[in-house]
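Engineer: Next comes the sequence, and after it the predicted model I'd like to discuss.
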Amino acid sequence: MPSLRLGYTAPDFEAETTAGPIKFHEFIGDSWVVLFSHPGDFTPVCTTELGEVARRSGDFAKRNVKVIGISANGLQSHRDWVKDINDYGAKVGPTDVQFPIIADEDRKISTLYDMLDEQDATNRDAKGLPFTIRTVFVIDPKKIIRLTISYPASTGRNFDEIIRVIDSLQLGDKHRITTPVNWKKGDDVIVHPSVSNDEAKKLFPEFTIHKPYLRTTPLQV
């Protein structure tokens, strides 16, 4: 099966989660979604990641983003693990994991989304089955894959970056802009190449021409 690419429709699936059974496309609904995988329950890096996502639930909610995790273990293991996540996360700040975590013991969904580790021989369960790596999918309300990032099992994700990209994607969908290197919300943006200078004068009265192909503008959001 070829890897999923940006612009592909996210494959639908049915799954059991810590919040009950879901049909993925129905779960997405009219929201954006972050689907992120974990090598296994009760693993140290994952514990820190899920706690961070729980603490930032408000940041995701105000962007109309649902988060859903997936790990190659069963539901009871997930539920027991959540207690540990909340306990450890409390050392950083109030932590309450409410978002669903998918049970994927048979790796069916992990295979569908090409999340399995084929290189790290140590990243396997007792049966020799590969665990998932730290894959992130950002999916829009049209069920289109807009971002993919894969981290090795040994490295925790940067959720500041994931939220930054969501901000960029959402602004780009709403306005005819792109975002420059190291952009953060509130910084100047780039006028999209498809916008003529005459259009730019109407859409972005404060825009600046740096090069014929590079025009920036402040953007009030």
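Structural biologist: Thanks, I have the structure now.
Engineer: Buried residues of the worst-scoring helix or strand of the chain on mean pLDDT, list them for me.
Structural biologist: When the helices and strands of the chain are scored by mean pLDDT, DSSP states H and E, helix 108-112 comes last with a mean of 91. Using 16 or more other CB atoms under 10 Å as the burial criterion, the residues of helix 108-112 that qualify are 109-110, 112. Quick note: C-beta positions are derived from backbone N, CA and C, even for glycine.
Engineer: Kindly report the same for stretch 81-93.
Structural biologist: 81-82, 85-86, 89.
Engineer: With stretch 176-184 instead?
Structural biologist: 176-177, 179, 183.
Engineer: Now Glu206. Its backbone dihedrals?
Structural biologist: phi -100, psi 10 (degrees, to the nearest 10).
Engineer: That one is in contact with Leu219, isn't it?
Structural biologist: No - the pair Glu206 / Leu219 is not scored as a contact, 9.3 Å apart, by CB atoms under 8 Å.
Engineer: Tell me which of those two has more neighbours.
Structural biologist: The neighbour count for Glu206 versus Leu219, taken as other CB atoms under 10 Å, is higher for Leu219 (20 against 12).
Engineer: Do you know the pLDDT at the residue nearest to that one when sequence neighbours are not counted?
Structural biologist: Closest residue in space to Leu219, ignoring its immediate chain neighbours: Val189 at 5.0 Å, by CB to CB, 6 or more residues apart in numbering. On the pLDDT scale, Val189 is placed at 98.
Engineer: Tally up the residues packed near Val189, please.
Structural biologist: A count of nearby residues for Val189, using other CB under 10 Å, gives 25.
Engineer: before we move on, back to that, mind listing residues that contact the least confident helix or strand of the chain?
Structural biologist: Helix 108-112 is contacted from outside by 1, 11, 13, 15, 37, 70, 72, 102, 104, 115-116, 132, using CB atoms under 8 Å, 6 or more residues apart in numbering.
Engineer: Using CSV, write out the CA atom coordinates for that helix.
Structural biologist: Output of helix 108-112 as CSV, limited to C-alpha atoms (Å, rounded to 0.1, in the frame of the first residue of the first chain):
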residue,chain,number,x,y,z
LYS,A,108,-5.1,-2.8,11.6
ILE,A,109,-5.5,1.0,11.8
SER,A,110,-1.7,1.6,12.2
THR,A,111,-1.2,-0.4,9.0
LEU,A,112,-3.9,1.5,7.2
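Engineer: Next one: the residue nearest to Leu219 relative to Thr178, how far apart?
Structural biologist: Separation of Val189 from Thr178 (CB to CB, to the nearest Å) stands at 7 Å.
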